[in-house]
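> Give me the fold of what follows.
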Amino acid sequence: MQRYILSRLIQSFIMLVGVLFIVFFMLQLTGDPVALMVSRNASPEQVEELREELGFNRPVMVQFADFVSKAVRGDFGMSLRHHQPAMELILERLPATVELASMALLFAMVVGIPLGLLGGSNPGSIWDTLARGAGLIGQTIPNFWLALILIMVFAVGLGWFPSFGRETRQFMGLALPTKSVILPAFALGLFTMGQLVRFTRSAVLEIKNEDFVRTAYSKGLADRRIYIKHILRNAAIPLISILGVQFGYLLSGSIYIETIFSWPGLGNLLAESIGNRDFALVQAIAFFTSLVVVSLNLTADIAYGMADPRIRYGE
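Residues are numbered from 1 along each chain as shown. Predicted coordinates:
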């Protein structure tokens, strides 16, 4: 287990370095950000002076080495558009994204896991049909299209929910979510709900055919006890890793939903910074979200190994 954790840490470090490398050089191919920062009447001397001031006239590898040396210290430079430290902007927008991703994951778990358990426990029944239908719908409907339909029906048509923005309610110094999060959380979490339904159903069907379950039935144990102690317990183990991966996906993959709903989170900030060629901010957001996703995956893998004593990673 220790060797596995060490190897995963090394792999995570290599992955983060690769993310830094890819993001930095992909941004270099998008064009010169100085061209967006100066007026059309600026002289070539003025453009070159600003490029030198920002350090964009240096060799690319020198810029990359400087970026990496500062990134490991948590310094991602100043946003070219907002004129604020990039990490400060990220920390300002992070609570909104965490709130949206948490509510989306909560919706996916509350709906997806029970449906998957009912479908897997009663194959061929109406519950199984409902579970398979929900899984299929969840994984085939594009979330950006669903977001537009939700706005048209429930925000514009019925007026039940706000169509954009984030509203909070203060309680003992804490910002609590309001109904403004319901539509974006539903649109964002539907795909995850579909995955949880299908995965949970498949896990239950597979575990029901295992030898230890048949042995429990042959001993005359009650169906309820077998279901709770053996089937549910073993089906919950792989869900640990799935939930960790999905939460990372929800945190990093909300750019379309946040843009459509004008949700003031990291996804919306990333879309703005890409359009503005704000190199420092794009690099900071990409690295930060990659760090979160890698950390969640690592934590989920370790928890999976600890929850299942039969697993011996790297041994």
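> Walking through this structure, point out its helices one by one.
With DSSP state H, the ranges of helices along the chain come out as 2-28, 34-37, 44-54, 60-71, 86-121, 126-140, 143-150, 182-208, 211-218, 223-226, 233-252, 255-260, 266-275, 279-307.
> now could you export just the CA positions of the fourth one as PDB?
Extracted in PDB, the C-alpha atoms of helix 60-71 (Å, rounded to 0.1, in the frame of the first residue of the first chain):
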ATOM      1  CA  VAL A  60       9.600  31.100 -24.700                       C
ATOM      2  CA  MET A  61      11.600  28.600 -22.700                       C
ATOM      3  CA  VAL A  62      12.800  31.400 -20.400                       C
ATOM      4  CA  GLN A  63       9.200  32.500 -19.900                       C
ATOM      5  CA  PHE A  64       8.200  28.900 -19.100                       C
ATOM      6  CA  ALA A  65      11.000  28.400 -16.600                       C
ATOM      7  CA  ASP A  66      10.100  31.600 -14.900                       C
ATOM      8  CA  PHE A  67       6.400  30.600 -14.800                       C
ATOM      9  CA  VAL A  68       7.200  27.200 -13.200                       C
ATOM     10  CA  SER A  69       9.600  28.600 -10.600                       C
ATOM     11  CA  LYS A  70       6.900  31.000  -9.500                       C
ATOM     12  CA  ALA A  71       4.000  28.500  -9.700                       C
END
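> Can you give the distance of that helix from its chain's centre?
Centroid separation between helix 60-71 and its chain, computed with Cα atoms, centre = their mean, to the nearest Å, is 27 Å.
> Can you tell me which of the helices of the chain is packed in deepest?
By mean neighbour count, with neighbours taken as mean count of other Cβ atoms under 10 Å, helix 182-208 ranks first of these at a mean of 23. Where you see a C-beta, it was placed from the backbone N, CA and C, and this is true even at glycine.
> Read off the pLDDT value for residue 184.
Looking at residue 184, its pLDDT reads 90.
> actually residue 273, sorry about that
Residue 273 carries a pLDDT value of 82.
> just residue 137 next, same as before
Note for residue 137: predicted pLDDT of 88.
> ok now do it, which residues does it touch?
Contacts for residue 137 (Cβ atoms under 8 Å, 6 or more residues apart in numbering) come out as 190, 194.
> ok, back up a step: can you list the helices of the chain in TSV and add distance to residue 159?
Shown next, in TSV, are the helices of the chain (distance: least, Cβ to Cβ, whole Å):
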stretch	distance to residue 159
helix 2-28	41
helix 34-37	39
helix 44-54	47
helix 60-71	46
helix 86-121	21
helix 126-140	26
helix 143-150	13
helix 182-208	12
helix 211-218	51
helix 223-226	46
helix 233-252	27
helix 255-260	18
helix 266-275	24
helix 279-307	34
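> of all these, which lies closest to residue 166?
If you check each of those against residue 166 by Cβ to Cβ, helix 86-121 wins as the nearest, at 5.6 Å.
> Now do the closest one and helix 60-71, the angle between them.
Angle of helix 86-121 versus helix 60-71, following axes from the mean of the first three to the mean of the last three Cα atoms, to 10 degrees, is 80 degrees.
> Can you name every helix or strand that helix 86-121 contacts?
For helix 86-121, the elements it packs on are helix 126-140, strand 174-177, helix 182-208, helix 233-252, helix 255-260, helix 266-275, helix 279-307, judged by 3 or more Cβ pairs under 8 Å, 6 or more residues apart in numbering; DSSP states H and E.
> model confidence over it, on average?
Across helix 86-121, pLDDT averages out at 87.
> Next, the angle from it to helix 182-208.
Interaxial angle, helix 86-121 versus helix 182-208 (the same axes, to 10 degrees): 50 degrees.
> Fine by me, thanks again.
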